[in-house]
Structure formats: C-alpha cells, structure tokens
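[1] Sequence and predicted structure below; questions after.
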Amino acid sequence: MMNPVFLLHPDDDVAVAVTDLAEGQVLAALDVFTTQVVPRGHKVATRGIAEGMPVKKYGQVIGHARVPIAAGEHVHTHNLGMSEHTEDYAHGEMAIPTMRVPEAELDHFLGFRRGDGKSGTRNYVGIISSVNCSATVAQQVVREVERRELLKEFPHVDGVVAITHGVGCCISQRNEAFAMLQRTVWGHVRHPNFGAVMMVGLGCETNQIPGMVEAFGKPPEGQLHFLTIQQMGGTRRTIEACLEKLQTEVLPAADRARREKIPASELIIALQCGGSDGLSGITANPALGLAVDRLVAQGGSAILAETPEIYGAEHLLTRRAVRPEVGEALIERIRWWEDYAAKLDGEINNNPTPGNKAGGLTTILEKSLGAVCKAGSTNLVSVLRYAEPVKEPGMHLMDSPGYDPMSITGEVASGATLVAFTTGRGSVYGYKPSPVIKIATNSPMFRHMEEDMDLNAGTIAEGLESHEEVAERIYQEFLRVASGAQTKSEALGFGDAEFVPWNISAQM
C-alpha cells in the first residue's frame, strides 16, 4: 500500500504528502494526525517546532519557523521562512575515485560520427543568425525549405532548423558578455547533432562570423557555410542563395550521414528541472541522479546547471569536487550571483516561482536540495562558464540562470546531445538540435499531460517502483532516444523557438 507521506531523513521536522491529506487524518508512520488539509507535495510537521527554530528536510535546514508550528500542521510560506545556510564547504572531502564498468560491459547507442571525432544523436542542418538583424532571413529560409518540400529528397536529414536570437550588436567586444554570446553561437555551429550549419549575418554587426572562425578555429570541411545579407545584395537574393546552396551542397552532404554503433561514454546529458513540485526531489530527481551515476560509470558526461537553484545546497557539491579549485570555482560563481542579484534589485535567496510554491516548495534552500539530486553521487569534475565546452568525462556544473530555455541553450552549447528534464507541474519543452526527455515527478500530472511526458517517476511515490527501477528506465531511455527514438516534444514539433542565449551585456 502507498504510504501517504515520505519522511526523507530521521532528523527531519517535516514529511512530504504523497497524496492530498485530509484534516484529522492519522499518519501512523509519524504517530501524528493532520490538523488541517495538506495538498500533495506539501509538507506536514512531524513534531512541534518552536518559533525561530530551524526546520529540516533531507536532514538539511530548509528555513526557520516564523511562528510556533504544531505536529501535524501544514508547513509552507505562511509559517516557514528563509534562513542562513551552511558555508562549511569541505572541498573534496567526499570525492572518491569513479568506478568504471569493465570494457566488456560497456553500452552503446546508434549515433552519427562527425568529422572532428565527436558523436551526435540527431542529424539536423542549422541556419544560424549571427545577429538579430539576420534572424528573419534565417527563419524564411527554413519556411521556404518546408514550402518547397526539399527534405523529401533527403530522408536521412532530421530537419532544417533556424537558430535565431535577439542580440549580436551594439555591445562591447572586450567583456565576458560578448564571449558568452560567441561561445553559445559557436557551440551550436560545432554541435555534433548538426550535420552541417549555414550562418547568416547582416554584414556590419559586432558579432562578425569571420571573427568567430578566427577565435574558435575552422570547423571540419563541409560543416560551416556562411554569407551576409549586405554582401549578397539584400533579403531575397540571400534567401535564394541559401536555398540553392542547401539543395545542391549542404543537404546532400548531410544526407550521407548514417547511424553507427557508438559507446555510451560519448553521451553528454543536460540535466534540468522545471515546473518543480514537492515530489521533484523525492521521485524524479533522485532517480535521474542514479541514472547519471550509471552513465558516468560508463565514461559518459552530465551537465548540471541553474546556479541560483543550487543556492543553499552548494556545500553538497563542493564536498564532491575532484580538486579544491573546482569547489572554489563553484563558490566564486555563488558569490557572483549574490552580487549580480543585489545590483539588479533581485533576490537569490528565495526564488521559487508561484508554480513551485503551489506544488509545495517554500524556500530556495528546499528547492535546491531537491534539485542537486539530479547530479547523483558522482564527483564534480569541473565548473564551466556559460556555454563553455565540456572537455573531460564526468559530472559538470555549468553556470547559468534558473530560466529553463536560457539554461538549456547554454548546456547544449557546452556539448549536450540529450536533455533530461524533470517536471512536477508539467513543463512542455523541447529543443533542437538536442532531444528532450521529460520525466514526470507524480502520476496525476503524468496521466493528465501524458501527451507531453516521456516517463513517469510518480510510481515511486505510489510504491509501485523503486528509485533503482525508475533509474533503469531513464538510463535505457537515454540509449533509446540517442539511437533515434522520438521524444514526445519531438513528436509535437517543439524546439524551433527555444534558443535563448543568456545576455548580461550592457546594450549600447
């Protein structure tokens, strides 16, 4: 039978409701009864808590009692407030050698081997704008490809996608903001899920295409083609030139790619949670973490992101840093975010959205403790700047905001060829060129939005499956989707509008 509550740690002052709890309901496992209705995913006090005392969940402090809280009482924003969190970072204290599986037990997927040796899970052709001024031309090229049904001649190409954005000019070329933009754009130009890329510029913008080639190096032969609207003589001539080059050169070359057997060690998974609820850190996120551990044991890589959403749980990651400087790099990013938020009248220490709060999450400490579960238990091998490429296997943290499209854009630019996205409220999201596997944290939402959800981890809360069993399903889904199986978001056509680079520049 399903237990109506989860007690995550013996020291916890709260348990999490697995289903809606009625007033006066006896919770035998806690030896208390509810004093009021407690919605699914929300917290119920396991004991009396005095005003001002710290409140624990996951065995960690998630806030303090604003007022006296009675055993069996609903615990949420009305009686739980933000509090200080530990800064005992203990860099590397829990880092241990990563256990690799024997070569005979290595898993494989069917992917695309590229000219630079990298491997992809999809075979798209990208039309990428260097600046917003060329975005409409890039989009019109894709519309013309669809109108003329050009892909009928090239069945091994997954699609032609426009990668457009709202920046690229009137910014300094000497600061980190410009470097971030170029890393993000170039990370897509060189992405192994693109069989080829055509870049379109206006011609006079700050973000010059030849400048990126000079800064990052020339891609493999046939990977990059580029032109500018001003050089071509205007919009119509540029569109026609793109279409001619696509039909005669780019698409035929991309269509020659074929899937082949590739070790799972070459997979790079972006980890994301959005529309989180009180069960995210109990069902889907820990199960995803176990799947990540298995992938890392294969020699693969995973990227955790959303720096503001690990705030308050960073000490759990610094303890797993392979070197002190890795942990110190994470804390440097935390301090940057504190300063960044303060300068812009923001607040880093309590950012759950209205949807998060409706789902039972109260403080950023609570949200962060659940979010880091996605990273499993493996070592933290590097802290990447936004869109900085992954250079070694293992689990990485990429600095980014907590806004899902912006965060995933950076993770894909860093090299992620798949995205694992957990959601409790029901995020509908997809991304081209990297397919998104959406994992529901609770069964009612999964059933209600099954058309958008790939996997259900709510079976853990129902007592039907263990975390290990759900992790096995997630890991097998990695290999299945990497080999070409379509995700729900791909079937629905998502991914054409989700390229959202993080822009911290002073726009001049």
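    Sure, I can see it. Keep in mind that what you see is a predicted model, and the values were worked out from it rather than measured.
[2] any idea of the pLDDT on residue 1?
    Note on residue 1: pLDDT of 59.
[3] just residue 99 next, same as before
    pLDDT, residue 99: 87.
[4] any idea whether it is helix, strand or coil?
    coil (DSSP: H, G, I helix; E, B strand; the rest coil).
[5] count of neighbours near the closest residue to residue 116 other than its chain neighbours?
    In this structure, residue 116 finds its nearest non-sequential neighbour in residue 220, 5.0 Å apart by C-beta to C-beta, 6 or more residues apart in numbering. Yep, even glycine has a C-beta here, placed from its N, CA and C like the rest. By the criterion of other C-beta atoms under 10 Å, residue 220 has 13 neighbours.
[6] Would you agree residue 226 falls within a strand?
    Yes - assessed with three-state DSSP, residue 226 lies in a strand.
[7] re the thing from before, separation between the residue nearest to residue 116 and residue 138?
    From residue 220 across to residue 138, the span is 22 Å (C-beta to C-beta, to the nearest Å).
[8] In contact with residue 13, which residues are there?
    Applying C-beta atoms under 8 Å, 6 or more residues apart in numbering to residue 13 gives the contacts 45-47, 49, 55-57.
[9] same thing but 6 Å
    Neighbouring residues of residue 13 by C-beta atoms under 6 Å, 6 or more residues apart in numbering: 46, 49, 55-56.
[10] What distance do you get for it to residue 68?
    13 Å.
[11] Need the nearest residue in space to residue 473, chain neighbours excluded.
    Nearest to residue 473 is residue 455, by C-beta to C-beta, 6+ apart, at 6.0 Å.
[12] element containing the residue nearest to residue 116?
    Residue 220 belongs to no helix or strand when assigned by DSSP states H and E.
[13] Show the pLDDT at it.
    88.
[14] give me the low-pLDDT residue ranges for the stretch 201-350 of the chain?
    Across the stretch 201-350 of the chain, residues meeting the criterion (pLDDT under 70) sit at 350.
[15] Mind doing that once more with 90?
    Low-confidence segments of the stretch 201-350 of the chain (pLDDT under 90): 218-222, 344-350.
[16] Next, the residue nearest to residue 473: phi, psi?
    phi -140, psi 150 (degrees, to the nearest 10).
[17] Near it, how many other residues are there?
    22.
[18] element containing the residue nearest to residue 222 when sequence neighbours are not counted, please.
    Nearest residue to residue 222 in three dimensions, chain neighbours excluded: residue 253, at 5.2 Å (C-beta to C-beta, 6+ apart). Assessed by DSSP H and E, residue 253 sits inside helix 251-255.
[19] Show me where the stretch 401-508 of the chain has its helices.
    Using DSSP state H, counting those that start in this stretch, the helices of the stretch 401-508 of the chain run over residues 404-413, 443-448, 467-482, 488-491.
[20] Of the contacts of residue 13 - the most surrounded one?
    For these, the largest number of neighbours (other C-beta under 10 Å) sits with residue 55, at 26 neighbours.
[21] Quick check: the nearest residue to that one once chain neighbours are set aside vs residue 71, distance?
    With sequence-adjacent residues excluded and distances taken as C-beta to C-beta, 6+ apart, residue 55 is closest to residue 13, at 4.9 Å. As defined by C-beta to C-beta, residue 13 lies at a distance of 10 Å from residue 71.
[22] Would you reformat the contacts of residue 13 as a markdown table and include pLDDT, distance to residue 302 and secondary structure?
    A markdown table is the format used below for those (pLDDT from 0 to 100; distance: C-beta to C-beta, whole Å; DSSP: H, G, I helix; E, B strand; the rest coil):
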| residue | pLDDT | distance to residue 302 | secondary structure |
| --- | --- | --- | --- |
| 46 | 97 | 33 | coil |
| 49 | 97 | 36 | strand |
| 55 | 96 | 31 | strand |
| 56 | 95 | 28 | strand |
